[in-house]
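What follows is a predicted structure for the sequence shown.
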Amino acid sequence: MTNLFILDIIENNSMMSIEQEMNIFHLLSRVVLLKIPGAVVELGCHEGLTAAIMQKTLDGLNSNKKIYVYDSFEGLPKLSKKDKKHILKKGDLNTSEKKLIKTFTKLNLKLPKINKYWFKNIPKNKLPKNICFAHLDGDTYYSIKESLEKIYPLLSQGAITIIDDCYDLKKHKVIENKLNSNKWNKNKKRKYVIKDIFPGVKTACDEFFKDKKEKPDVLISGDQCHVYFVKK
């Protein structure tokens, strides 16, 4: 199965790196091939480029799994004290359902189930009965906290969740140093700098997983950061 479509899709100004989208491609493929039951969800879908990559991945695997996407389409909510030195403000990243639909129509893809809600207000009947794969891209403390609270009870055993923009200081510094000391990168004179741009995300994860069996681990993704966990 080819994954060259990722390059075509992210040409349309994706906010995620090639490495991040490749991680999503491989981990979504894993749950499909392992026949983990449930639907695919994305909380924080913006204009649908990552959701489109997920749909294209499912199509390539001849999977009939449904994708549910959730977004306020009004941009970021009000930031909390736990978001600390956040680089964005309330209302940033606002978009519309029409732009998401345009993304899928342009790529000739089946539309996902689009749900316009702030995450805390998502009704139970608007969530799938069980989930095999989740991508959480809320950017703020409460958005990630509320996302995890909504999807965690619905995760099938073996389901995978990716949490975007979760910066682990110790582990990401190791990744940054190893990438920069790599001979190939040195020859290309490329300098990697991984930044903690949304500090509330890590705080939300630390609090949520404090009493859980699962502990998120980092995914190497160039100069971007995200983590994942497998439901036990």
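Done, it's in.

Glu42: neighbouring residues, count only.
For Glu42, the neighbour count with other CB atoms under 10 Å is 25. Using the backbone N, CA and C atoms, a C-beta is placed for each residue, glycine as well.

Bridge partners for it, pull those for me.
Val69, His135 (DSSP bridges).

what about the strands in the protein?
39-43, 67-71, 113-116, 131-136, 155-164, 217-219, 226-230 (DSSP state E).

Mind picking out the helix or strand in the protein with the poorest mean pLDDT?
Lowest by mean pLDDT, DSSP states H and E among the helices and strands of the chain is helix 183-188, with a mean of 72.

Quick one: residues contacting Thr161.
Phe133, Ala134, His135, Leu136, Ile151, Leu155, Tyr228, Phe229, Lys231 (CB atoms under 8 Å, 6 or more residues apart in numbering).

surely the second one meets Ala159?
Yes - with contacts defined as CB atoms under 8 Å, Ala134 counts as touching Ala159 at a distance of 7.2 Å.

My read is that Ser17 contacts Ile220, right?
No - using CB under 8 Å as the test, Ser17 is too far from Ile220 to be in contact (10.9 Å).

Who has more neighbours out of Ala134 and Ala159?
Using other CB under 10 Å, the more surrounded residue of Ala134 and Ala159 is Ala134, with 27 against 24.

how about the nearest residue to that one, chain neighbours excluded?
Thr161 (4.3 Å; CB to CB, 6 or more residues apart in numbering).

Same question for Pro123.
Tyr117 (7.8 Å).

Name the residues of the longest helix seen in the chain that are buried.
With secondary structure taken from DSSP state H, the chain has its longest helix at helix 18-33. Neighbour-count burial for helix 18-33 flags Gln20, Glu21, Met22, Asn23, Ile24, Phe25, Leu27, Leu28, Ser29, Val31, Val32 (criterion: 16 or more other CB atoms under 10 Å).

Determine which two of these are furthest apart.
Farthest pair in the buried residues of helix 18-33 (CB to CB) is Gln20 and Val32. Separation: 18.9 Å.

Tell me which residues of stretch 178-193 come out buried.
Within stretch 178-193, the residues that count as buried by 16+ other CB under 10 Å are Leu179.

pull the CA atoms of that stretch into PDB?
Provided in PDB are the C-alpha atoms of stretch 178-193 (Å, rounded to 0.1, in the frame of the first residue of the first chain):
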ATOM      1  CA  LYS A 178      20.300  12.600  18.700                       C
ATOM      2  CA  LEU A 179      18.800  14.100  15.600                       C
ATOM      3  CA  ASN A 180      21.400  17.000  15.700                       C
ATOM      4  CA  SER A 181      24.300  14.600  16.200                       C
ATOM      5  CA  ASN A 182      23.300  12.300  13.400                       C
ATOM      6  CA  LYS A 183      25.900  12.400  10.700                       C
ATOM      7  CA  TRP A 184      23.400  12.700   7.900                       C
ATOM      8  CA  ASN A 185      21.800  15.800   9.400                       C
ATOM      9  CA  LYS A 186      25.200  17.300  10.100                       C
ATOM     10  CA  ASN A 187      26.100  16.900   6.500                       C
ATOM     11  CA  LYS A 188      22.900  18.600   5.500                       C
ATOM     12  CA  LYS A 189      23.500  21.300   8.100                       C
ATOM     13  CA  ARG A 190      20.000  20.900   9.500                       C
ATOM     14  CA  LYS A 191      19.300  22.000  13.000                       C
ATOM     15  CA  TYR A 192      16.400  20.500  14.900                       C
ATOM     16  CA  VAL A 193      14.700  22.500  17.700                       C
END
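
Cool, thanks, talk later.
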